[in-house]
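Asker: Next comes the sequence, and after it the predicted model I'd like to discuss.
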Amino acid sequence: MHSVECECGWRQTFSIAYAGVTVQCTQCGLQHTVPTFGRDDHGIDMPVMEKLLARHDAPRVHFKPLLLAALAFAVVVAALALLFVRPLVPHAVAVAGGALAWPIAIAVAWWGQKRQRAAVAREQLPSG
């Protein structure tokens with residue numbers, strides 16, 4: 001906690017979150033700055049902060065096992081739907097199509113990840 005005292009006698013205590021913030025005395029209107037533990041950077045470790053802000057690469061997701069599992073599931077569901085729901089062909093087609101939605105979604109996500117990683121790799125290449 002940081003305490004700010006004014007010449008007029010006004011006193012206010014602020015949490016560490018207000019370090020470096022300018023406040024105004026409610027009695028005389030004089031401006032005061034909340035103390036910052038003697039550091040000009042408000043207690044922020046700038047080298048660490050710059051490293052954190054520079055890291056924009058997302059963690060890599062391994063889509064191949066997901067895609068293979070989704071394809072196997074889709075084939076089984078589509079086969080069962082066409083086998084047991086044959087008299088109701090529109091329903092069987094809807095079930096089979098719905099089962100294929102997961103592999104398609106995973107393939108699109110995998111493709112998007114590859115494109116994003118390729119774009120990041122191109123940005124990191126030295127120009128010239």
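Answerer: Yes, it's here.
Asker: In contact with residue 22, which residues?
Answerer: Residues near residue 22 by CB atoms under 8 Å, 6 or more residues apart in numbering: 31-34. Where you see a C-beta, it was placed from the backbone N, CA and C, and this is true even at glycine.
Asker: Just send those residues back as a markdown table, with neighbour count too.
Answerer: Listed next are the contacts of residue 22 as a markdown table, based on neighbours: other CB atoms under 10 Å:
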| residue | neighbour count |
| --- | --- |
| 31 | 9 |
| 32 | 17 |
| 33 | 13 |
| 34 | 20 |
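Asker: Can you flag which of these belong to strands?
Answerer: Counting by DSSP state E, the members of the contacts of residue 22 that fall within strands are 31-33.
Asker: How many neighbouring residues does residue 103 have?
Answerer: Residue 103 is flanked by 19 other residues according to other CB atoms under 10 Å.
Asker: That one sits in which helix or strand?
Answerer: If you go by DSSP states H and E, residue 103 is part of helix 101-124.
Asker: In that helix, which of the residues would be classed as buried?
Answerer: 102-103, 106, 110 (16 or more other CB atoms under 10 Å).
Asker: Could you name the helices and strands sitting against it?
Answerer: Here helix 101-124 touches helix 63-84, going by 3 or more CB pairs under 8 Å, 6 or more residues apart in numbering; DSSP states H and E.
Asker: Just the CA atoms of the helix it packs on, as CSV, please.
Answerer: Extracted in CSV, the C-alpha atoms of helix 63-84 (Å, rounded to 0.1, in the frame of the first residue of the first chain):
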residue,chain,number,x,y,z
PHE,A,63,-3.9,-32.7,-36.0
LYS,A,64,-2.9,-36.0,-37.7
PRO,A,65,-4.1,-38.3,-34.9
LEU,A,66,-7.3,-36.2,-34.5
LEU,A,67,-8.0,-36.4,-38.2
LEU,A,68,-7.4,-40.2,-38.3
ALA,A,69,-9.7,-40.8,-35.3
ALA,A,70,-12.4,-38.5,-36.8
LEU,A,71,-12.2,-40.2,-40.2
ALA,A,72,-12.5,-43.7,-38.5
PHE,A,73,-15.5,-42.5,-36.5
ALA,A,74,-17.1,-41.0,-39.6
VAL,A,75,-16.7,-44.2,-41.6
VAL,A,76,-18.2,-46.3,-38.9
VAL,A,77,-21.1,-43.9,-38.3
ALA,A,78,-21.8,-43.5,-42.0
ALA,A,79,-21.7,-47.3,-42.6
LEU,A,80,-24.0,-47.9,-39.6
ALA,A,81,-26.4,-45.2,-40.8
LEU,A,82,-26.6,-46.5,-44.3
LEU,A,83,-26.9,-50.1,-43.0
PHE,A,84,-29.6,-49.6,-40.3
